[in-house]
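K.L.:
structural data only, the sequence is not supplied:
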């Protein structure tokens, strides 16, 4: 039995952060029903972003078959289509929410309340309901009405300022911020479910994605509070250790990471390089000296690494007792024998596309095998939700379809 079997979730989220959180719940047994408007479905279902839509209106054309990206974020869910701009659509959404243990959204504050789906509305229908709203800045405060995506959250949360090289500006990273925030919100929902199990109480979870980013850089915040020094960008360097960098290897855009934590480790690296004399060189004999002469040391190391295969170099340095890792691209990740051995990738039989190999969840649980099913076709479970759960007749369903309330 999966740990969340018997839990039903109404998923009003879209794009990345919300859908991934709901997918975590679905993977561990919750019945997650994704609610979408068929006239304006999740943009990831179409495989596009709003920026492309501005230049290419045809990108807004509705496609019922999920894109690869949509599968990666919405596996194991059900799909119902409701036009929330109609009174009928909003009423059906409220009725569905009342049958759920959890309701999730990642819209602007006030958007769900405007639809009659705010926490105060829903708790009247079900007093023990758990509602999570994952917004850009949280529900209250002077910036609460602002929207944002991952790069905005990284910048406001402080992560972008720390990322980049000393002679360049802040550098927002990839959208992994969304996934980290999604994992946090999934954990918050599980904690709320546990609390309800113990007390019978539901609750409202107000999650700020910007604050979620700030929680990832806690050591820098504490450092500033203690010494008043603002941490600056330092590329791949470390405040104390040297060498501590990515070094170019043989091939196109191939790199290897090397870091040394002690004089003994540096001596092992020097021997592996065939330059044991570096360990006694006054410029590099101690950690302090290596840090002072870091640029020269990096130059010497890269002269050695740039003519070597990163795969072979990684093996050789590991055997020599040096902390090292090849910088892997997507081809390397899919071929990684360790990830393969752990079952990091899951295969689903997707509609139209056939078999897709996607990334699973990064943790394992004893006596619990997660379920990974294809993401749903748009409106695939309309009959199930409307007829079996909400008790509508076939005639009522056809009437909703004629009025374009559902697909």
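P.N.:
Happy to help now that I have it. Since we're looking at a predicted model, the values are computed, not measured.
K.L.:
hey, let's count contacts and neighbours off CA atoms from now on
P.N.:
Will do.
K.L.:
any chance you could map the strands in the stretch 251-400 of the chain?
P.N.:
255-259, 323-326, 345-350, 354-359 (DSSP state E, counting those that start in this stretch).
K.L.:
okay, now the sheet partners of the last one, with direction.
P.N.:
For strand 354-359, the pairing partners within the sheet under DSSP bridges are strand 345-350 (antiparallel).
K.L.:
give the buried residues for the strand it pairs with.
P.N.:
345, 348, 350 (16 or more other Cα atoms under 10 Å).
K.L.:
mind listing what residue 165 touches?
P.N.:
Neighbouring residues of residue 165 by Cα atoms under 8 Å, 6 or more residues apart in numbering: 233-236.
K.L.:
can you check the residues you listed and name whichever has the most neighbours?
P.N.:
Taking other Cα atoms under 10 Å as the neighbour criterion, residue 233 ranks highest of the contacts of residue 165 with 18 neighbours.
K.L.:
show me what contacts the nearest residue to residue 14 once chain neighbours are set aside?
P.N.:
In this structure, residue 14 finds its nearest non-sequential neighbour in residue 42, 5.4 Å apart by Cα to Cα, 6 or more residues apart in numbering. For residue 42, the contact set (Cα under 8 Å, 6+ apart) comprises 14-15, 36.
K.L.:
from residue 388, how far off is the nearest residue to residue 5 once chain neighbours are set aside?
P.N.:
Nearest residue to residue 5 in three dimensions, chain neighbours excluded: residue 29, at 4.5 Å (Cα to Cα, 6+ apart). Distance, residue 29 to residue 388, using Cα to Cα, to the nearest Å: 19 Å.
K.L.:
residue 270 too?
P.N.:
Counting by Cα to Cα, the gap from residue 270 to residue 388 is 70 Å.
K.L.:
hang on, the earlier thing: just name the most buried of the strands of the stretch 251-400 of the chain.
P.N.:
Neighbour counts (mean count of other Cα atoms under 10 Å) averaged over each of the strands of the stretch 251-400 of the chain peak at strand 255-259, with a mean of 21.
K.L.:
what residues does it touch?
P.N.:
241-249, 310, 314, 322-327.
K.L.:
give me the mean pLDDT for it.
P.N.:
The pLDDT scores in strand 255-259 average 98.
K.L.:
give me the lowest-pLDDT entry from the buried residues of strand 345-350.
P.N.:
Out of the buried residues of strand 345-350, that is residue 350, at 90.
K.L.:
where does pLDDT dip in the protein?
P.N.:
47-63, 174-175 (pLDDT under 70).
K.L.:
okay, which residue is most central for it?
P.N.:
Centroid-nearest residue in the chain: residue 179, 0.9 Å away (criterion: Cα atoms, centre = their mean).
K.L.:
remind me which helix or strand that one belongs to.
P.N.:
Here residue 179, judged by DSSP states H and E, is contained in helix 176-199.
K.L.:
neighbours of residue 6, how many?
P.N.:
11.
K.L.:
helices along the stretch 151-300 of the chain, start to end?
P.N.:
159-162, 176-199, 209-214, 218-227, 263-272, 287-292, 294-305 (DSSP state H, counting those that start in this stretch).
K.L.:
okay, now residue 307: neighbour count?
P.N.:
A count of nearby residues for residue 307, using other Cα under 10 Å, gives 12.
K.L.:
distance check, it against residue 92.
P.N.:
64 Å.
K.L.:
so which of the contacts of residue 42 belong to strands?
P.N.:
residue 36 (DSSP state E).
K.L.:
before we move on, back to that, looking at the strands of the stretch 251-400 of the chain, which is closest to residue 377?
P.N.:
Closest of the strands of the stretch 251-400 of the chain to residue 377 is strand 345-350, at 9.6 Å (criterion: Cα to Cα).
K.L.:
contacting residues around the closest one?
P.N.:
339, 354-360, 372-375.
K.L.:
go on, stretch 214-230?
P.N.:
157-159, 231.
K.L.:
scan those and report the most crowded one.
P.N.:
So for those (other Cα under 10 Å), the most neighbours sit at residue 159, 23 neighbours.
K.L.:
what sits against that residue?
P.N.:
172, 213-214, 217 are the contacts of residue 159 under Cα under 8 Å, 6+ apart.
K.L.:
residue 321: how many residues sit nearby?
P.N.:
14.
K.L.:
gap between the residue nearest to it when sequence neighbours are not counted and residue 123?
P.N.:
Leaving aside its sequence neighbours, residue 321 sits nearest to residue 268 (Cα to Cα, 6+ apart; 6.8 Å). To residue 123, residue 268 is 63 Å away according to Cα to Cα.
K.L.:
what do you get for residue 11?
P.N.:
Residue 11 is 17 Å from residue 123, by Cα to Cα.
K.L.:
same check on residue 263?
P.N.:
From residue 263 to residue 123 the distance is 62 Å (Cα to Cα).
K.L.:
settle this for me: residue 189 is touching residue 133, isn't it.
P.N.:
No - the pair formed by residue 189 and residue 133 falls short of the contact definition of Cα atoms under 8 Å, at 10.7 Å.
K.L.:
measure residue 193 to residue 405 for me?
P.N.:
Using Cα to Cα, residue 193 is found at 32 Å from residue 405.
K.L.:
got it, and residue 15?
P.N.:
22 Å.
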